[in-house]
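K.L.:
Dropping the sequence and predicted coords here.
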Amino acid sequence: MKKIEAIIKPFRLDEVKNALQEIGVSGMTVTEVKGFGRQKGHTEIYRGAEYVVDFVPKLKMEMTVAADMVPAVVEKILTSARTGKIGDGKIFVYDVEEVVRIRTGERGREAL
Amino acid sequence: MTRFTFGKWPLILCFFAALLLAGGTTAVGMADETAPPAVQEDTVAAPSPEGPTPGEVQKNLDFVWTMVAAFLVFFMQAGFAMVESGFTRAKNAVNIMMKNLMDFSVGSIAFLALGFGLMFGTSPTGWFGTDGFFLSDFGKDADKWLYAFWMFQVVFAATAATIVSGAMAERTKFSAYLIYSAVITALIYPVFGSWAWGSLHHGNGWLEKLGFIDFAGSTVVHSVGGWAALWGAIILGPRMGRYAKDGKVMAIPGHNIPMAALGVFILWFGWFGFNPGSTTAGNPDIARIAVNTNLAAAAGAIASLLTAWAIFKKPDGAMSLNGVLAGLVAITSPCATVTPMASVYIGGIAGVVVVLSVLFFDRIRIDDPVGAISVHGVCGALGTLLAAVFHEEGFTMARLGVQALGVAAAFAWVSVTAGILFFLLKKTVGLRVSEEEEMDGLDYHEHGNAAYPNFQLVEKR
């Protein structure tokens, strides 16, 4: 089992979610996050004073899938989250040791 | 959290108790004096079979219009509360609401006790009124117009008081603000008001005798509040983190611009009571005054928008909101004595000036989170001068001279009194909260709660 974590532009959420559902991803967790990468922050102006917004709002999606699904999931995220402009985000893939469904106590792939 | 001690509160309570006691006795004494010769001719007689006379109808109309206008001006308190909280951070929103609530409440009692008498009582010298405290010149059968007039005046007094709240936002000790509220409505505002407006009732101010024009209070209300705000902000010092060591101005963005915008709409709406209501008569003049008021606000918005767009390369929202208020403040003095086109110019000039003024005060490091000094102090003075420049009977140097004298008198009087007041507050109860309280927010330390408890308020500074 692998965990896939993707930082994406917030307004791409619906496209990414729909694309992943199509290929059978059965659940995910989404968090509002802030951060910066190559995009850096941007300046805003308030009552005549400029200020730098260092951390840009992004969404973090997390899902755990069977290892054989990883290439398809990554591909779907790539195509649905990409705008081609700087700040499209990143995808991270981790190994997952164990998954447990709390309601039933099922473990491993059964619990996904 | 601050520990619970009684501290100075018994003293303050005693002060209010003494005030009310004094009021009770004067009211009783005065009622005895005024009851026998009661002014009967003004009371509305029982309707005759032919119905009310034209005079009675006009009188009732005057009452109704003046009351409706007073209620509109009262609603401006809500506008100020929204503007000020929108332009400041969420961690101080309860504090702003409490200041706006309490300056009206404390101000109402203070104006009853002292302010109204000082402003509109018999004034042998022309410098302050000497009777009518605690509404004591109202006998049982006296003319009820006094009630209408008092109600209209108390909402004006509270407007002057509440202007200061925004300029001193996010760092002022709540107890000090309460004392300030009582002093400005009991003393600072009414004494200057008696110079310009005393003869509307029993007084006769020296300034109005010279021909000073301030129809609805660009100077009497707005400059007085604005200059008090200036001295408050100077003596307090800027908010932490507002000016960097290298002199750079750091933005501290307000937490809710839609809320500030709602506040400006409410103020614009309330101003249709503030200016047209200052006729205190239901007559056709109110239409022209309303037109002038509206045009100045619109021109102020457009001019400040263009000014900000030219300087910052963006049509800045907060500045345009200030521009509306700048136009409204500037037209408040001349609204009954200029043409509609002149109102457009007056509002437009104010809209440009307010943006430059905000930048100027930041340059000299006077931190005014909402722009109250620029909007009310500077544009109030500006509007009072422009009342002479654009007067419908033509420009005269003499008229401009009197207007300038009034502007200077307001600045001098408020600088001395508010300067001393804030200095004394700083030396006694303390004017500013501690650094820790300022960082955590006044809501938590001063009031023990949060404006938005279900939201996490995380910020860098």
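P.N.:
Yes, it's here.
K.L.:
Can you tell me, leaving aside adjacent residues, what's nearest to the residue of the stretch 101-250 of chain B found nearest chain A?
P.N.:
In the stretch 101-250 of chain B, no residue comes nearer to chain A than B:V249, which is 4.4 Å away by C-beta to the nearest C-beta. Yep, even glycine has a C-beta here, placed from its N, CA and C like the rest. Distance criterion C-beta to C-beta, 6 or more residues apart in numbering or on different chains; nearest residue to B:V249, sequence neighbours excluded, is A:A49 at 4.4 Å.
K.L.:
quick one: low-confidence parts of the chain?
P.N.:
No chain specified, so I'll use chain A. Low-confidence segments of chain A, defined by pLDDT under 70, are absent.
K.L.:
I was thinking of chain B, sorry if that wasn't clear
P.N.:
Low-confidence segments of chain B, defined by pLDDT under 70: B:1-48, B:456-461.
K.L.:
By residue count, which helix of it is the longest?
P.N.:
Ranked by residue count and defined by DSSP state H, the top helix of chain B is helix B:54-86.
K.L.:
Would you mind writing the CA trace of stretch B:49-68 as CSV?
P.N.:
Taking Å, rounded to 0.1, in the frame of the first residue of the first chain, the C-alpha atoms of stretch B:49-68 are listed here in CSV:
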residue,chain,number,x,y,z
PRO,B,49,-63.5,70.4,15.3
GLU,B,50,-62.0,71.8,12.2
GLY,B,51,-58.8,69.7,12.6
PRO,B,52,-55.3,70.9,13.4
THR,B,53,-54.1,74.3,12.2
PRO,B,54,-51.4,74.6,9.6
GLY,B,55,-49.0,75.7,12.3
GLU,B,56,-49.7,72.6,14.3
VAL,B,57,-49.2,70.4,11.3
GLN,B,58,-45.9,72.1,10.5
LYS,B,59,-44.8,71.7,14.1
ASN,B,60,-45.7,68.0,14.2
LEU,B,61,-43.8,67.6,10.9
ASP,B,62,-40.7,69.2,12.4
PHE,B,63,-40.9,66.8,15.4
VAL,B,64,-41.2,63.8,13.2
TRP,B,65,-38.5,64.7,10.7
THR,B,66,-36.1,65.7,13.5
MET,B,67,-36.7,62.4,15.3
VAL,B,68,-36.3,60.3,12.2
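K.L.:
which residues make contact with that stretch from outside it?
P.N.:
Contact partners of stretch B:49-68, identified using C-beta atoms under 8 Å, 6 or more residues apart in numbering or on different chains, comprise B:44-45, B:144-145, B:148-149, B:151-152, B:273, B:277, B:279-282, B:286.
K.L.:
Close to chain B: what parts of chain A are there?
P.N.:
A:E44, A:I45, A:Y46, A:R47, A:G48, A:A49, A:E50, A:Y51 (C-beta under 8 Å from any C-beta of the partner chain).
K.L.:
Can you tell me which of the residues you listed end up in strands?
P.N.:
A:E44, A:I45, A:Y46, A:A49, A:E50, A:Y51 (DSSP state E).
K.L.:
Quick check: the fifth one touching A:H42?
P.N.:
This points to A:E50. No. Here A:E50 does not reach A:H42: they are 10.5 Å apart, not a contact under C-beta atoms under 8 Å.
K.L.:
and the nearest residue to B:F104 once chain neighbours are set aside, how many neighbours?
P.N.:
The shortest distance from B:F104 to any non-neighbouring residue, by C-beta to C-beta, 6+ apart, is to B:A158 (4.5 Å). Using other C-beta atoms under 10 Å in any protein chain shown, B:A158 is surrounded by 29 other residues.
K.L.:
Would you mind identifying the next helix or strand past the strand or helix carrying B:V191?
P.N.:
If you go by DSSP states H and E, B:V191 is part of helix B:189-197. Per DSSP H and E, helix B:189-197 leads on to helix B:206-209 as the next helix or strand towards the C-terminus.
K.L.:
Could I get the full set of helices for the stretch 251-400 of chain B?
P.N.:
Counting by DSSP state H, counting those that start in this stretch, one finds helices in the stretch 251-400 of chain B at the ranges B:257-274, B:285-312, B:317-332, B:340-363, B:372, B:379-389, B:397-427.
K.L.:
could you give the angle of the last one to helix B:189-197?
P.N.:
What it means is helix B:397-427. Angle between the axes of helix B:397-427 and helix B:189-197 is 170 degrees (criterion: axes from the mean of the first three to the mean of the last three C-alpha atoms, to 10 degrees).
K.L.:
Helix B:397-427: which residues count as buried?
P.N.:
B:399-400, B:402-403, B:406-407, B:409-411, B:413-414, B:417-419, B:421-422, B:425 (16 or more other C-beta atoms under 10 Å in any protein chain shown).
K.L.:
One more: the first one?
P.N.:
By neighbour count, with 16+ other C-beta under 10 Å as the criterion, the buried positions of helix B:257-274 are B:259-264, B:266-268, B:270-274.
K.L.:
I figured B:M319 hits B:S304, correct?
P.N.:
Yes. In terms of C-beta under 8 Å, B:M319 counts as a neighbour of B:S304; the distance is 5.3 Å.
K.L.:
shared neighbours, the two?
P.N.:
Contact with both B:M319 and B:S304 is made by residues B:V354, B:V355, according to C-beta under 8 Å, 6+ apart.
K.L.:
more neighbours, those two?
P.N.:
Applying other C-beta under 10 Å to B:M319 and B:S304 shows that B:S304 carries more neighbours, namely 32 against 28.
K.L.:
Now do the same contact list for that one.
P.N.:
Neighbours of B:S304 in contact, by C-beta under 8 Å, 6+ apart: B:M319, B:S320, B:N322, B:G323, B:V324, B:A326, B:G351, B:V352, B:V354, B:V355.
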